[in-house]
Structure formats: C-alpha cells, structure tokens
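In: starting from these lines, generate the structure:
(one chain, ligands or ions: 2)
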Amino acid sequence: MSRAVLSLGSNLGDRLSYLHLAVEGLRDVLVAVSSVYETAPWGVTDQPDFLNAVCVVDDPGRDHWAWLRTAQELERRAERVRERRWGPRTLDVDVVAVDDVRSDDPELLLPHPGTHERATVLIPWLEIDPDAEVPGKGRADALLAALPEDDRAGVRRRADLTL
Ligand SMILES: Nc1ncnc2c1ncn2[C@@H]1O[C@H](COP(=O)(O)OP(=O)(O)OP(=O)(O)O)[C@@H](O)[C@H]1O
Ligand SMILES: Nc1nc2c(c(=O)[nH]1)N=C(CO)CN2
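Out: Ligands and ions are numbered 1, 2, ... in the order given. Just a heads-up that it's a prediction; the model follows:
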C-alpha cells in the first residue's frame with residue numbers, strides 16, 4: 001500500500017478551477033478530499049489569499065517518488081511558472097506525507113518540512129483524517145493546537161466552494 005497526503009494551493013487566476021484540475025487528475029486514486037479553505041498567505045504576506053485543500057490518495061503501485069512526479073505533473077498542467085520562493089502560483093501541489101516514509105533528500109523531503117507549523121495544511125487534513133499523524137512529529141491535532149491562534153484564524157472554510 002502507498003497512501004499519500006497531498007496539499008493543494010492556488011492564489012493566481014481562477015483559483016478554484018486550478019484546484020479542480022488537480023482533483024480531477026487524482027480521481028482514480030482519490031480516497032478523500034477536504035473542503036476548500038480561504039487562507040491568509042504565510043511566508044510572503046504581500047500576495048493574494050490562497051485557496052487550500054488536502055487530498056488523501058492511495059495506489060499500491062506508486063512509491064513516494066512516483067507521488068512527487070504526480071504532484072509535478074499536476075502543476076505542469078496548471079502551467080505553473082516557477083517564480084520566487086513562497087510567491088504567488090496557479091497551483092502548488094506538495095507531498096505532505098507518504099505512509100511513514102522519512103526522507104532528507106532535498107528533492108523530496110518527507111514529511112514535508114513545513115507541515116507541522118502550517119495551519120493551512122493541518123486544518124484541512126484533520127477534517128478528512130481526525131487521527132492524522134505527521135511522521136516523526138506527532139498527532140496533527142496536537143500540532144495544530146500548539147500553533148498561535150492567529151494562524152488558525154487565518155484559515156476559513158468556504159462552504160460555498162466544492163471540489
Ligand atoms: N515533500 C515535497 N513535496 C513537493 N516538493 C518537494 C518536497 N520536498 C522537496 N521538494 C522539492 O521542492 C521543490 C519545489 O519547491 P516549491 O517551489 O514548490 O516550494 P514552495 O512551494 O515555494 O515552498 P514550500 O516547499 O516550502 O511549500 C521541488 O524541486 C521538489 O523537488
Ligand atoms: N496561505 C498560504 N500561504 C502560502 C501557501 C499556501 O498554500 N497557503 N503556499 C506558499 C508557497 O508554498 C506560500 N504561502
């Protein structure tokens with residue numbers, strides 16, 4: 001079994017349609033997809049709000065490198081241009097975790113190094129997996145509770161948008 005958690009983000013153009021494109025590309029392997037969240041930007045803060053969501057996907061035939069290729073292929077389809085780090089993008093697909101795999105290869109860091117401090121990932125992930133664990137870091141609910149209130153407040157569920 002190879003179960004992966006992928007995070008989706010968009011803050012350029014028709015944001016929802018880019019998230020749709022990603023979910024449609026994952027349809028055959030999709031186990032669960034979260035609601036869509038409108039989120040205040042972290043990192044570079046002078047940029048538009050993001051739409052974020054998280055998917056759980058499963059395919060016994062794909063290892064963690066294959067999930068990275070899947071993520072990059074989805075970004076390519078969204079004609080993502082690589083600009084500045086943490087800057088605006090049509091579609092960002094990060095591999096958050098794959099089973100219990102730990103990797104310190106810079107091409108594929110697992111779990112994704114930002115996960116434990118990003119409410120934009122933890123909140124949607126917990127919605128679809130309340131027992132989620134970040135390998136090596138602990139339970140996602142405990143990690144979320146440890147974040148500043150402002151970080152959690154910046155993540156708002158958009159009940160009017162669906163994937
Ligand atoms: N877990 C991972 N998921 C996706 N890409 C990863 C991962 N670990 C390392 N990378 C590498 O990161 C690079 C892509 O970085 P990218 O431009 O998406 O970073 P970013 O989205 O700006 O920042 P962040 O990764 O902190 O969210 C790729 O070269 C990819 O090989
Ligand atoms: N709210 C939010 N902010 C971000 C995001 C993101 O997905 N959501 N992604 C970034 C680049 O990886 C930089 N900043």
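In: switch to C-alpha atoms for all contacts and neighbour counts from now on
Out: OK.
In: quick check: closest non-adjacent residue to residue 119.
Out: Nearest-residue entry for residue 119: residue 152, 5.7 Å, with adjacent residues in sequence omitted and distances by Cα to Cα, 6 or more residues apart in numbering.
In: next structured bit after whichever strand or helix holds that neighbour?
Out: Taking DSSP states H and E as the criterion, the element that holds residue 152 is helix 149-153. Towards the C-terminus, the helix or strand next in line after helix 149-153, according to DSSP H and E, is strand 155-157.
In: please enumerate the strands of the protein.
Out: With DSSP state E as the criterion, the chain has strands at 3-10, 30-33, 37-39, 50-58, 92-98, 103-105, 108-110, 133-134, 138-139, 155-157.
In: related to what we said a few turns ago, which ones are touching the residue nearest to residue 119?
Out: Under the criterion of Cα atoms under 8 Å, 6 or more residues apart in numbering, the contact partners of residue 152 comprise 119-120, 123, 144.
In: how close does it sit to residue 100?
Out: From residue 152 over to residue 100 the distance is 26 Å, taken as Cα to Cα, to the nearest Å.
In: list of residues touching stretch 120-135?
Out: The contact list for stretch 120-135 (Cα under 8 Å, 6+ apart) reads 7, 32-37, 39, 52-55, 97, 100-102, 111, 115-116, 139-141, 144, 152, 155.
In: now these: which count as buried?
Out: Using 16 or more other Cα atoms under 10 Å as the burial test, the contacts of stretch 120-135 include 7, 32-37, 39, 52-55, 97, 102, 111, 115-116, 139-141, 144, 152, 155 as buried.
In: would you point out which residue is most central in the chain?
Out: Centroid check for the chain by Cα atoms, centre = their mean gives residue 7 as the closest residue, at 1.1 Å.
In: roughly how far does that one sit from residue 60?
Out: Residue 7 sits at a distance of 20 Å from residue 60 (criterion: Cα to Cα).
In: what does residue 11 give?
Out: Applying Cα to Cα to residue 11 and residue 60 gives a distance of 32 Å.
In: looking at the two, which is more packed in?
Out: When neighbours are counted by other Cα atoms under 10 Å, residue 11 comes out ahead of the other of residue 11 and residue 60, with 23 against 9.
In: that older thread, and the strands of the chain as TSV, adding distance to residue 83?
Out: Putting those into TSV (distance: least, Cα to Cα, whole Å) gives the following:
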stretch	distance to residue 83
strand 3-10	14
strand 30-33	28
strand 37-39	20
strand 50-58	16
strand 92-98	12
strand 103-105	22
strand 108-110	19
strand 133-134	28
strand 138-139	33
strand 155-157	24
